[in-house]
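Enquirer: take a look and give me a structure for this.
(2 chains)
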Amino acid sequence: DGGITQSPKYLFRKEGQNVTLSCEQNLNHDAMYWYRQDPGQGLRLIYYSQIVNDFQKGDIAEGYSVSREKKESFPLTVTSAQKNPTAFYLCASSPGTVVTNVLTFGAGSRLTVL
Amino acid sequence: DQQVKQNSPSLSVQEGRISILNCDYTNSMFDYFLWYKKYPAEGPTFLISISSIKDKNEDGRFTVFLNKSAKHLSLHIVPSQPGDSAVYFCAASEPGQNFVFGPGTRLSVLP
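Expert: Numbers count the residues shown, from 1 in each chain, chains lettered A, B, ... in the order given. Coordinates of the predicted model:
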């Protein structure tokens, strides 16, 4: 089955630690995205990548970093610089490089900072 | 300032009746709109879309209406089923730009 796999599903972090969330897709999609969901707010775009070895900041990129070394993988690192990292993180992908293509989402990763 | 608003955080509807979820936007450049459905602890799944050249799009029990002059769209679910209970997100985009999502409306369909 084609889809997007995010891991881990739940993650706990101590303050000051960096953590990396994994996102893998086997849909052969060119574009990949990271969103953050907080209660009462819409999904906010952190970073996106339309092709391998290239990515752009979204609306709330501060305190996050990404890499896109392979087409199928787009890991997100939540750094210690992110002031409020506790949230639900969603990875998505879309075919082609037209940003208005419909997004396919993974099941999400919930990060809790202790 | 939110460009995409869903002013009802929650909505309860009796099974078999119509569910109407509303979405308002402020950016007149938005020309493509999506609705996503999300169950707890899962990612959103695409439901239905509409472009600004249309005012209605229908897919089975789901119909989306777009009123460009009012900058308003709505999702109608008829008849509502208990499995429709989920959070529904509205999203909008300008040409060539990423989608902007609303905060979501939690729909509860009561048996």
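Enquirer: tell me which element the spatially most central residue of chain A falls in.
Expert: Centroid check for chain A by C-alpha atoms, centre = their mean gives residue A:34 as the closest residue, at 2.8 Å. Here residue A:34, judged by DSSP states H and E, is contained in strand A:31-37.
Enquirer: within its sheet, name the partner strands of that strand and how each one runs.
Expert: In the sheet, strand A:31-37 lines up against strand A:44-51 (antiparallel), strand A:87-94 (antiparallel) (DSSP bridges).
Enquirer: what about it, distance to the chain center?
Expert: When distances are taken as C-alpha atoms, centre = their mean, to the nearest Å, strand A:31-37 is centred 4 Å away from the chain's centroid.
Enquirer: what do you get for stretch B:35-55?
Expert: With C-alpha atoms, centre = their mean, you get 6 Å for stretch B:35-55.
Enquirer: what's the end-to-end length of it?
Expert: 15 Å (C-alpha to C-alpha, to the nearest Å).
Enquirer: and if you look at stretch B:80-89?
Expert: Start-to-end span of stretch B:80-89 (C-alpha to C-alpha) is 17 Å.
Enquirer: who touches it?
Expert: Under the contact criterion C-beta atoms under 8 Å, 6 or more residues apart in numbering or on different chains, stretch B:80-89 has outside partners A:42-43, B:6, B:13-19, B:21, B:35-39, B:44, B:47, B:61, B:75, B:77, B:101-111. C-beta here means a position set from N, CA and C on the backbone, and glycine is covered the same way.
Enquirer: ok so, going back, do I have it right that the residue nearest to the centre of chain A meets residue A:68?
Expert: No: between residue A:34 and residue A:68 there is no contact under C-beta atoms under 8 Å: 10.9 Å.
Enquirer: overlap in contacts, these two.
Expert: With C-beta under 8 Å, 6+ apart, residue A:34 and residue A:68 have common neighbours residue A:74.
Enquirer: and the residue lying closest to the residue nearest to the centre of chain A once chain neighbours are set aside, what's its pLDDT?
Expert: Using C-beta to C-beta, 6 or more residues apart in numbering or on different chains and skipping residues adjacent in sequence, the residue nearest residue A:34 is residue A:46, 4.3 Å away. For residue A:46, the pLDDT comes out at 97.
Enquirer: residue A:46 - how many residues pack around it?
Expert: Summarising burial for residue A:46: neighbours were counted as other C-beta atoms under 10 Å in any protein chain shown, giving 26.
Enquirer: likewise for residue B:15?
Expert: Using other C-beta under 10 Å, residue B:15 is surrounded by 14 other residues.
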